[in-house]
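Everything below, folded, please.
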Amino acid sequence: MVRCPWVPEHLDAYVAYHDTEWGVPSRDSRYLFEMICLEGAQAGLSWWTVLRKRDRYREVFRNFEPAEVARMTDRQLERLVADPGIIRHRGKIFSVRQNARAWLDLADREGDQVGWLWGFVGDEPKVNRPKVMADYPTTSPESDALSKALRKAGFNFVGSTTMYAFMQAVGMVDDHSVSCFLGGPANKGS
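The predicted structure follows:
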């Protein structure tokens, strides 16, 4: 079975992530919040680093329930800096709480975070069919706009490259390669 060229075939968890999650359009509010936070944690690192630690992230950040994360104390977050089960970057750890608070504020302002997020691409995913790794975009006008809007709304670790990766992960952008079994010509436009 042919997959996107970035998938390390020897890592079963990575293959499963590609095959069942990456690029699948999601309108699940909690999941979208989780992915904004995890993509922020990944900034400057490989996705594999985050994927291996994802279960622990869910555990310590209360399954990414925004209201619960928003109530976490400085002391609780400071203890996480020593937790080897997550990425021990103080700024990234504290940003999860900040992003939870911004997420809740966004709901108050916009009424629907999911619709607001998807508004950056429209009702349907933007479809690209890269042929080789060099064809994969790292940003787009949409990720630039989303990044700017999220920063203005108080989010951290939401640069354009990070937000493009988020948009790919949650299916706002479908970047499965033309040779991938999930994106090839038979699936084009689906």
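
C-alpha only now, for contacts and for neighbours.
Will do.

shouldn't P5 be in contact with M133?
Yes: the pair formed by P5 and M133 meets the contact definition of Cα atoms under 8 Å, at 6.5 Å.

Can you pick out the residue with more neighbours from the two?
P5 (15 against 11; other Cα atoms under 10 Å).

Give me the distance between that one and G23.
14 Å (Cα to Cα, to the nearest Å).

so what pLDDT did G111 get?
pLDDT, G111: 88.

actually Y31, not the one I wrote
98.

Now for it, how many residues are close by?
Look at Y31: counted by other Cα under 10 Å, it has 15 neighbours.

Over to S26?
Close neighbours of S26, defined as other Cα under 10 Å, add up to 17.

same deal with V173?
23.

Ok, the one 4 residues further on next?
The criterion is other Cα under 10 Å. On that basis, S177 has 25 neighbouring residues.

My impression was that it belongs to a strand - is that right?
No: applying DSSP: H, G, I helix; E, B strand; the rest coil, one finds S177 to be coil, outside a strand.

was I right about it contacting P130?
Yes: assessed by Cα under 8 Å, S177 is found in contact with P130 at 4.7 Å.

And E21, what's its pLDDT?
So E21 comes in at 97 (pLDDT).

how many neighbours does it have?
By other Cα under 10 Å, neighbour count at E21 equals 14.

need the contact list for it.
E21 sits next to A169, V170 when contact means Cα atoms under 8 Å, 6 or more residues apart in numbering.

what do you get for E68?
R62.

cool, and the one 10 residues further on?
Contact partners of E78, counting by Cα under 8 Å, 6+ apart, are R90.

quick one: what helix or strand has it in it?
helix 74-80 (DSSP states H and E).

Buried residues, the helix or strand that comes right after that helix. List them.
Following helix 74-80 in sequence order, the next helix or strand is helix 90-110 (DSSP H and E). Buried residues in helix 90-110, counting neighbours by 16 or more other Cα atoms under 10 Å, are found at 92-104, 106.

and helix 90-110, what other elements does it pack with?
helix 29-42, helix 66-70, helix 74-80, helix 113-118 (3 or more Cα pairs under 8 Å, 6 or more residues apart in numbering; DSSP states H and E).

roughly how far is that helix from the heart of the chain?
What separates the centre of helix 90-110 from the centre of its chain is 14 Å, taken as Cα atoms, centre = their mean, to the nearest Å.

Also stretch 28-46?
The chain centre lies 4 Å from the centre of stretch 28-46; the measure is Cα atoms, centre = their mean.

Stretch 118-128 now?
15 Å.

Now Y136. Nearest residue, chain neighbours left out?
Leaving aside its sequence neighbours, Y136 sits nearest to P130 (Cα to Cα, 6 or more residues apart in numbering; 5.8 Å).

pretty sure that neighbour is touching D174, no?
No: using Cα under 8 Å, P130 is not in contact with D174, being 10.0 Å away.
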